[in-house]
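Trainee: Got a sequence here, can you model it:
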Amino acid sequence: MEAIHDEFQLTSKLTATVTDSGSNFVKAFRLFGKELATSSTTLQEANEAHEISSSSSNSSYSEDLEESCNESENLNDSGDEDDIVFFPITKILNSNSDASVGSAYSLPPHRRCVCHSINLLATADISKITDRGFLNIFESVDSKLRSIWSKQSRSSKSSDTIKKELGKLFVTPNDTRWNSYFGAMKRVKYFILKKPLKLTDIFKHFNITPLRPIEEAFILEYVKVMAPVAAALDILQGDKNISIGYLLPTLTVLQTQLEKLKRDSGIKHCKALINALCNGLTKRFSHMFLDRELRLAAMLHPRFKLFWIQEDKDDAIEMLKEEFEDECERSGSQRPPTLLKYFIL
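Mentor: Numbers count the residues shown, from 1 in each chain. Now for the predicted structure:
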């Protein structure tokens, strides 16, 4: 990774690297990555620190090498083979290796991919639910749906029958993207609401036990609860008109919607699901709301400004003022009060 940065001359331009939460990436950046820059640490200062570290390591290696060469020359000049003293060179190699282990590689600060984390929220965190009432219904529904999905995928004749009776095919999920499972459940919801009798006939046609009323109600609730999660994922993994400034506002809206669903008296079968999502959201993303860089990115975005902040906004306004003043001081320009007012209002 560092070689690629150097090859394309990106080292001095990178502010952070985003990867998934794989253990190999996490460990590599923990050992060789820089810490995320604070408000008083600029990218230039971080680069200068990297250059100093590299130069000191090279200097140490040069001194060891020169000392070794001098000793060799002194031995050669003596001309007396009986006085030759053999010494292990592993001492020099080991000392140089120990000194340069921290500077052998230099990676930018690391940020974990939020889309990957939301996928984990909707899969790994939900798999930890222990409520038997929820699990019994979910496992029964999942078993029946996977049977009908399998029939559709394995036979073109079955696929044609489903298409003829229901007008549409089932959406079959894949294991790599959670929102494909949500899309599959959403299609089943459509059949339940629009073509319930034909849906039952299709299950009977393939000798699969039809969905019970309680299971149909569960599917409707599941789609209602997971819809905000799917919407947040679609926004953050978009490839157009998306930036880091969208992160905190999107997570704020997701949290608000889940809290609202918690108070929804119409939710009967998916209470455990909502609790698992709220707990996972707090565990995985709460630290991001304390990240100065992320907060500034959201507050300086013209679409969001300070509207997404739910707590007292005085601290956020003070942070904006400090950032504007620091930037004006670094650039040597006068403070533009009208520009700051634009973001506060």
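
Trainee: lowest-confidence helix or strand of this protein?
Mentor: The least trusted helix or strand in the chain, going by mean pLDDT, DSSP states H and E, turns out to be helix 43-78, with a mean of 45.

Trainee: buried stuff in stretch 195-206?
Mentor: 195, 199, 202-203 (16 or more other Cβ atoms under 10 Å). Any C-beta I mention is one placed from the backbone N, CA and C, and that applies to glycine too.

Trainee: ok, now which ones touch L236?
Mentor: 114-115, 118, 242, 246-247, 250 (Cβ atoms under 8 Å, 6 or more residues apart in numbering).

Trainee: Where does the prediction get shaky in this structure?
Mentor: 36-104, 332-345 (pLDDT under 70).

Trainee: Need the max-distance pair from the contacts of L236.
Mentor: I118 and I242 (14.2 Å; Cβ to Cβ).

Trainee: Mind checking which of these two has more residues around it?
Mentor: Using other Cβ atoms under 10 Å as the criterion, I118 and I242 rank with I118 on top: 25 against 13.

Trainee: Now that one: closest residue in space that isn't a chain neighbour?
Mentor: L233 (5.0 Å; Cβ to Cβ, 6 or more residues apart in numbering).

Trainee: Does that neighbour touch S117 like I think?
Mentor: No: if you go by Cβ atoms under 8 Å, L233 and S117 don't touch, sitting 10.0 Å apart.

Trainee: on that earlier part again, so how far is C113 from the residue nearest to I118?
Mentor: Distance, L233 to C113, by Cβ to Cβ, to the nearest Å: 11 Å.

Trainee: And the helix or strand containing V253, what does it pack against?
Mentor: Per DSSP states H and E: V253 is located in helix 247-262. Taking 3 or more Cβ pairs under 8 Å, 6 or more residues apart in numbering; DSSP states H and E as contact, the helices and strands that helix 247-262 lies on are helix 213-236, helix 271-285, helix 292-299.

Trainee: Quick check: buried residues in the first one?
Mentor: Neighbour-count burial for helix 213-236, counted by 16+ other Cβ under 10 Å, picks out 215-223, 225-226, 228-233, 235-236.

Trainee: List the neighbours of stretch 241-257 that are in contact with it.
Mentor: By Cβ under 8 Å, 6+ apart, the residues outside stretch 241-257 that reach it are 114, 228-229, 231-232, 235-236, 278, 281, 285, 288-289, 294-295, 297-298, 300-301, 303-304, 307-310.

Trainee: try stretch 166-176
Mentor: Taking Cβ under 8 Å, 6+ apart as the rule, stretch 166-176 contacts 145, 148-149, 152-153, 159, 162-163, 180-181, 183-184, 186-188, 190-191, 195, 198-199, 202.

Trainee: Need the distance between the two termini of stretch 306-314.
Mentor: End-to-end distance for stretch 306-314: 10 Å, by Cα to Cα, to the nearest Å.

Trainee: and of the helices and strands packed on helix 247-262, who's closest to D6?
Mentor: Proximity to D6, assessed across the helices and strands packed on helix 247-262 by Cβ to Cβ, is greatest for helix 292-299 (24.7 Å).

Trainee: Next, the angle helix 292-299 makes with the following helix or strand past the closest one.
Mentor: Downstream of helix 292-299, the next assigned helix or strand under DSSP H and E is helix 314-331. In terms of direction (axes from the mean of the first three to the mean of the last three Cα atoms, to 10 degrees), helix 314-331 departs from helix 292-299 by 100 degrees.

Trainee: Could you list every helix and strand in contact with helix 314-331?
Mentor: helix 292-299, helix 337-344.

Trainee: Which positions within it qualify as buried?
Mentor: For helix 314-331, by 16+ other Cβ under 10 Å, it's 316-317, 320, 323-324.

Trainee: how does this protein divide into domains?
Mentor: 2-112, 114-310 (automatic domain parsing).

Trainee: Now do the end-to-end distance for the longest one.
Mentor: Using Cα to Cα, the end-to-end distance of domain 114-310 comes out at 21 Å.

Trainee: Thanks again, I'm all set now.
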